[in-house]
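Asks: Below are the sequence and a predicted model for it; my questions follow.
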Amino acid sequence: MTEDAVLGTMENAVNTYSSPSELRITDIRTATVCSNYDYPIIKIYTNQDVYGIGEVRDAGHRENALQYKSMLLGQNPCNLDMIYHNIKRYGGFAREGGGVSGIEIALMDLIGKVYGIPCYQLLGGKYRDKIRIYADTPEPDTPTAEAYAERVLGRKEMGLTFIKFDARVDTLKDIPGATVGVPTKHEYPVHQRSRASGTGQVLKITEKGFQALADIVALVRETVGWDVSLCIDHYGHGYLTPKEVIKLAGYLEPYALSWMEDPMPSLDVWGHKRVTDAVNVPIAGGEDLYLWDQFRPFIENRAVDIIHPDLLTSGGLTETKRISDYAERYGIPTALHFAGSPIAFMANLHTAAAISSFVALEHHGLDLPFWNDLVTGMEQPYLIDGYVAVPDKPGLGVDLNLEGIEANLRPPSGLFEPTDEWNTPKLGFWQPDRRWDK
């Protein structure tokens, strides 16, 4: 057999879905699903019979991704690192990172399909075959300790072994003497409190208030037992001072929480470190941080005990893997924040599989009856005993269910309609063959 014949035989043996060297991006279109946090889903088309799917971060906007369209048209999607290097400089903190991250997810899906391998293989392989899920738990209508306990118990009865619940400061508003000032769900952060409602009041939690919050956690723990991991959210984000968070953590320490989440404003490295160094309850943070660069000071200063990136802000699969690997050098494990559709959920599964120090992945869609209907190819039931199996199909392992998406569109969104108005630069992206006066 000649050398050319041998090479031809080898090429035919490789299960590819296209001709990678000739692949080019031809279009990007979107469809926004109406949900608890809307899901702007994106689809990247090519000149061959293969496409990639991703999504902008929950509650973000399709424009966060479409603004990069002119930079992607004509590019080979397999040149992921070059494309990513060119667009990442225009992304940013929180939802502003959603476009870059969503495009990276769609390109990873596309590349996986092209070469016939699951996305986790593009990250270096997997450490585990199934991913532990932690459930977000909505607040009860009546924020009593009994109501919280009932809600969390409902999650345990679904098979979850790791549960998060939100007992906010505004939970105290109906308890006389729990606060100085009246907490509301939209209370201003500490640095703005003097302007809240024009009253000039500064909200302070009293001993009675601290004890009321501790009573909620205590009853939840007693109700679900000690075989379930529990974590809490929405005590911070600037609504409490570092001293107040430290004091609250002392009240909660007996209940063996896996973490308190985001006790300080997201970019406040030293506020987080001050709390982390002072308390015995683990501190998690990072859901709004963008790229390795924003995580670096939190990691190097050990300002948190657990990093908590959101894949749709932190930069997608490859960047989140890079962040988690760096955190592991400093003895800091990774949990993944998530509140999106099954598309980004699958991206999270692949990433979690490839992270050696992984803890658990959030699920924010357990109460949405249409959630499963947005895609095809996901095994059912997908959640078994609190875990989800890592998919082994090419790319993300799921495809779009156009009927399910169309039935849940957020008006005026269409179903992957043309986006030709984004074919030319909108943000002053430099291109050598273009001049402002042409």
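Replies: That came through, no problem. This structure is a prediction, so every number in the text was calculated from the model and none was measured.
Asks: What residues does T376 make contact with?
Replies: Each residue near T376 by Cβ atoms under 8 Å, 6 or more residues apart in numbering is listed here: 398-401. Every residue, glycine included, has its C-beta placed from N, CA and C.
Asks: Let's see that with 6 Å instead.
Replies: For T376, the contact set (Cβ atoms under 6 Å, 6 or more residues apart in numbering) comprises 399, 401.
Asks: bridging residues for it?
Replies: Taking DSSP bridges, one obtains D399 as the residues bridged to T376.
Asks: go on, P118?
Replies: Those that pair with P118 in a beta bridge, by DSSP bridges, are G395.
Asks: I am assuming it contacts D392, so please confirm or correct that.
Replies: Yes - under the criterion of Cβ atoms under 6 Å, P118 makes contact with D392 at 5.4 Å.
Asks: Settle it for me: which of those two has more neighbours?
Replies: Neighbour comparison, P118 and D392: the larger count goes to P118, with 22 against 12 (by other Cβ atoms under 10 Å).
Asks: Dump the C-alpha coordinates for the host helix or strand of T26 into PDB.
Replies: Per DSSP states H and E, T26 falls inside strand 25-33. As requested, C-alpha coordinates have been extracted for strand 25-33 and formatted as PDB (Å, rounded to 0.1, in the frame of the first residue of the first chain):
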ATOM      1  CA  ILE A  25     -18.300  30.700  10.200                       C
ATOM      2  CA  THR A  26     -21.100  32.100   8.100                       C
ATOM      3  CA  ASP A  27     -23.700  33.400  10.600                       C
ATOM      4  CA  ILE A  28     -24.700  33.800  14.200                       C
ATOM      5  CA  ARG A  29     -28.400  33.900  15.200                       C
ATOM      6  CA  THR A  30     -30.300  33.900  18.500                       C
ATOM      7  CA  ALA A  31     -33.500  33.000  20.200                       C
ATOM      8  CA  THR A  32     -34.400  34.300  23.700                       C
ATOM      9  CA  VAL A  33     -36.300  31.900  26.000                       C
END
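Asks: In the sheet, which strands lie alongside the helix or strand following it, parallel or antiparallel?
Replies: Beyond strand 25-33 in the direction of the C-terminus, DSSP H and E gives the next helix or strand as strand 39-46. Here strand 39-46 has these sheet partners by DSSP bridges: strand 25-33 (antiparallel), strand 51-55 (antiparallel).
Asks: what about strand 39-46, average pLDDT?
Replies: Averaged across strand 39-46, pLDDT comes to 98.
Asks: Any stretches of the protein with poor pLDDT?
Replies: Within the chain, the segments meeting pLDDT under 70 span 1-17, 182-202, 235-238, 426-438.
Asks: Domain ranges for it, per the record?
Replies: Listed domain ranges for the chain are 18-118+401-422, 122-394 (source: automatic domain parsing).
Asks: coming back round to it: reformat the strands paired with strand 39-46 as a markdown table; add distance to V279.
Replies: Formatted as a markdown table, the entries for those read as follows, by distance: least, Cβ to Cβ, whole Å:
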| stretch | distance to V279 |
| --- | --- |
| strand 25-33 | 39 |
| strand 51-55 | 35 |
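Asks: looking at those, which is buried most?
Replies: strand 51-55 (a mean of 27; mean count of other Cβ atoms under 10 Å).
Asks: where exactly do the strands run in the stretch 151-300 of the chain?
Replies: Assigned by DSSP state E, counting those that start in this stretch, the stretch 151-300 of the chain shows strands spanning 162-166, 179-180, 204-205, 229-233, 259-261, 283-285.
Asks: closest to E222 out of the ones you listed?
Replies: Between E222 and those, the tightest spacing by Cβ to Cβ is seen for strand 229-233, at 11.3 Å.
Asks: what number of residues lie near the nearest residue to S266 once chain neighbours are set aside?
Replies: Nearest-residue entry for S266: D288, 4.1 Å, with adjacent residues in sequence omitted and distances by Cβ to Cβ, 6 or more residues apart in numbering. Each residue near D288 was counted by other Cβ under 10 Å, and the total is 23.
Asks: Just read off the phi/psi values of D288.
Replies: With angles defined as degrees, to the nearest 10, D288 shows backbone torsions of phi -110, psi 10.
Asks: Contacts only, for it.
Replies: Applying Cβ under 6 Å, 6+ apart as the definition, the contact partners of D288 turn out to be 93-94, 266.
Asks: that older thread, and the strands of the stretch 151-300 of the chain as JSON lines, adding distance to R151?
Replies: As requested, the strands of the stretch 151-300 of the chain are exported to JSON lines (distance: least, Cβ to Cβ, whole Å):
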{"stretch": "strand 162-166", "distance to R151": "7"}
{"stretch": "strand 179-180", "distance to R151": "23"}
{"stretch": "strand 204-205", "distance to R151": "23"}
{"stretch": "strand 229-233", "distance to R151": "12"}
{"stretch": "strand 259-261", "distance to R151": "17"}
{"stretch": "strand 283-285", "distance to R151": "21"}
